[in-house]
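Q: I would like the atomic coordinates for the input below:
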Amino acid sequence: MRTLADLAAQQGVELQTFLNQAVHKRAGYPAPISSPGARALFFDGEQVDAYLTGRPAPPLRSEGDDQEHEDDDLLDRREAAAVLGVVPDSWRVYKRAPLLTEHMTVVGGVEHWPRGIVHRYRDTRPGRTAATGRPTGSGDQVPRDELLPRTAPLLDADPAVTATAVVEQLGVTRSTAQGALTRLRADRIADLVQERPELSPDDAAAALGYPPALARRATARAVTVLRARAAAPYLDDVAAAVHRAGWTTEAATDVQLPGGDRVVAALVLDGDQAPVPALVWDERYGWRTAASRRHPITRDAPSEGGGVRYLAGGVTPPPAALIAALSA
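A: Prediction:
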């Protein structure tokens with residue numbers, strides 16, 4: 001594979017002279033072997049040598065002609081992306097894989113990968129089928145507890161990574177991919193706002209390189225995340241008080257962000273002397289009791305009755321007042 005500079009040197013002229021004379025565009029000159037749309041042009045050395053010596057140009061080897069040598073063919077990002085069945089822009093995420101990083105080579109200032117290595121990566125990445133690059137099933141191929149840890153490196157590699165790229169890489173549904181990216185971006189936006197209070201969530205998203213169209217949900221969720229973090233010390237104090245009362249075996253709250261726009265926390269009272277199965281705190285209404293330990297948090301605020309009772313004292317009553325209200 002030769003560059004335009006290689007061709008100019010082969011004919012003993014300066015590159016600019018070669019380009020001015022448009023030698024490579026003359027009738028009969030071998031066509032570039034670069035992928036369509038590539039900015040850098042590459043030519044097959046054997047074909048060029050044959051042309052310059054007046055011999056018939058040998059045909060280019062096509063995929064499947066010679067497996068032993070085919071694996072050594074170098075592919076640019078467009079060709080490599082085509083092997084995986086993804087768009088070229090997604091390749092900037094895939095190329096971070098250790099196997100591809102290790103075998104990447106630069107030719108004429110352009111990154112390339114051996115065809116055999118790209119095929120091996122395609123055939124061995126988890127949750128994929130070798131032929132199509134699509135999920136092997138309709139469900140998610142990544143366990144729930146591994147989703148964020150496995151999505152985070154993709155976001156690290158490319159702040160503008162899309163849900164489509166995550167779907168292609170991990171074999172999850174689009175809604176799962178979108179949810180993971182929203183959660184990760186929101187947490188990172190909140191982290192930066194806490195580190196630099198002068199920034200708004202929108203400013204933080206821009207500073208992190210998140211395109212506005214991709215960060216809109218995350219920015220809104222980040223505002224809720226910040227409220228949840230502000231409420232955390234109070235919720236920890238209540239959990240500790242309930243634990244000291246002997247109503248829980250652990251002093252821990254389960255904080256959730258239903259819909260990404262409100263903060264709700266649950267305390268499961270699993271002690272032998274617990275007065276109710278669970279307590280739920282909603283940033284809009286304060287504390288209430290819950291009749292279910294398994295599903296204390298509901299989509300909407302339930303009405304009183306059937307084990308549900310709202311506890312007076314405002315949204316953030318002192319822990320001692322809450323204990324007293326439950327003991328009465």
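Q: neighbours of Pro98, just the number please.
A: By the criterion of other Cβ atoms under 10 Å, Pro98 has 8 neighbours. Where C-beta positions appear, they are placed from N, C-alpha and C, glycine not excepted.
Q: just Leu41 next, same as before
A: Leu41, neighbours per other Cβ under 10 Å, totals 16.
Q: Also Leu52?
A: 13.
Q: ok, now which ones touch it?
A: Residues near Leu52 by Cβ atoms under 8 Å, 6 or more residues apart in numbering: 10-11.
Q: Tell me the spacing between Ala290 and Trp247.
A: 13 Å (Cβ to Cβ, to the nearest Å).
Q: In the chain, what helix or strand scores lowest on average pLDDT?
A: helix 67-70 (a mean of 48; mean pLDDT, DSSP states H and E).
Q: what's next to the helix or strand just after it, contact-wise?
A: Heading C-terminal from helix 67-70, the first helix or strand you meet, by DSSP states H and E, is strand 74-75. If you take Cβ under 8 Å, 6+ apart as the criterion, strand 74-75 is touched by 1, 83, 105, 107, 112-115, 118.
Q: Give me the contacts around stretch 258-270.
A: With Cβ under 8 Å, 6+ apart, stretch 258-270 has contacts from 182, 186, 217, 220-221, 224, 227-228, 231, 235, 238-239, 242, 247-249, 253-257, 275-284, 290, 293, 296-297, 299.
Q: Start and end of it, how far apart?
A: Terminal residues of stretch 258-270 are spaced 24 Å apart (Cα to Cα, to the nearest Å).
Q: same check, this time on stretch 291-304
A: 11 Å.
Q: quick one: the helices in the stretch 201-328 of the chain?
A: Assigned by DSSP state H, counting those that start in this stretch, the stretch 201-328 of the chain shows helices spanning 201-207, 212-244, 319-327.
Q: how about those in a markdown table, adding mean neighbour count and distance to Pro149?
A: As requested, the helices of the stretch 201-328 of the chain are exported to a markdown table (neighbours: other Cβ atoms under 10 Å; distance: least, Cβ to Cβ, whole Å):
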| stretch | mean neighbour count | distance to Pro149 |
| --- | --- | --- |
| helix 201-207 | 18 | 22 |
| helix 212-244 | 17 | 18 |
| helix 319-327 | 16 | 34 |
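Q: Rebuild the ones you listed as a markdown table, extending it with distance to Ala57.
A: Listed next are those as a markdown table, based on distance: least, Cβ to Cβ, whole Å:
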| stretch | distance to Ala57 |
| --- | --- |
| helix 201-207 | 52 |
| helix 212-244 | 47 |
| helix 319-327 | 84 |
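Q: and Gly45, which of those is closest to it?
A: With Cβ to Cβ as the measure, helix 212-244 is the member of these nearest Gly45 (42.8 Å).
Q: Could you give the separation of the closest one from the chain centroid?
A: 22 Å (Cα atoms, centre = their mean, to the nearest Å).
Q: ditto for stretch 278-288
A: On Cα atoms, centre = their mean, the centre of stretch 278-288 falls 33 Å from the chain's centre.
Q: Go through that stretch and flag the buried ones.
A: 278-283, 286-288 (16 or more other Cβ atoms under 10 Å).
Q: Which residues does that stretch contact?
A: Residues outside stretch 278-288 that contact it (Cβ under 8 Å, 6+ apart): 227, 231, 235, 238, 242, 253, 262-269, 289-290, 292-293, 296-297, 301-302, 308-311, 313-317, 322, 326.
Q: can you tell me which of those residues are in strands?
A: Counting by DSSP state E, the part of the contacts of stretch 278-288 found in strands is 264-268, 289-290.
Q: Most neighbours among those residues, which one is it?
A: Leu267 (26 neighbours).
Q: And the pLDDT for that residue?
A: We have a pLDDT of 92 for Leu267.
Q: can you list the domains in this structure?
A: 2-52, 130-210, 228-327 (automatic domain parsing).
Q: Tabulate the ones you listed (TSV), appending distance to Asp89.
A: Shown next, in TSV, are the domains of the chain (distance: least, Cβ to Cβ, whole Å):
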stretch	distance to Asp89
domain 2-52	12
domain 130-210	8
domain 228-327	27
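Q: Ok, which of these comes nearest Leu100?
A: Here domain 130-210 is closest among the domains of the chain (Cβ to Cβ), at 11.8 Å.
Q: Averaged pLDDT, the closest one. What do you get?
A: On average, domain 130-210 scores 83.
Q: For this structure, give me the ranges with low pLDDT.
A: Counting by pLDDT under 70, the ranges of the chain that qualify are 1, 36-39, 60-71, 125-141.
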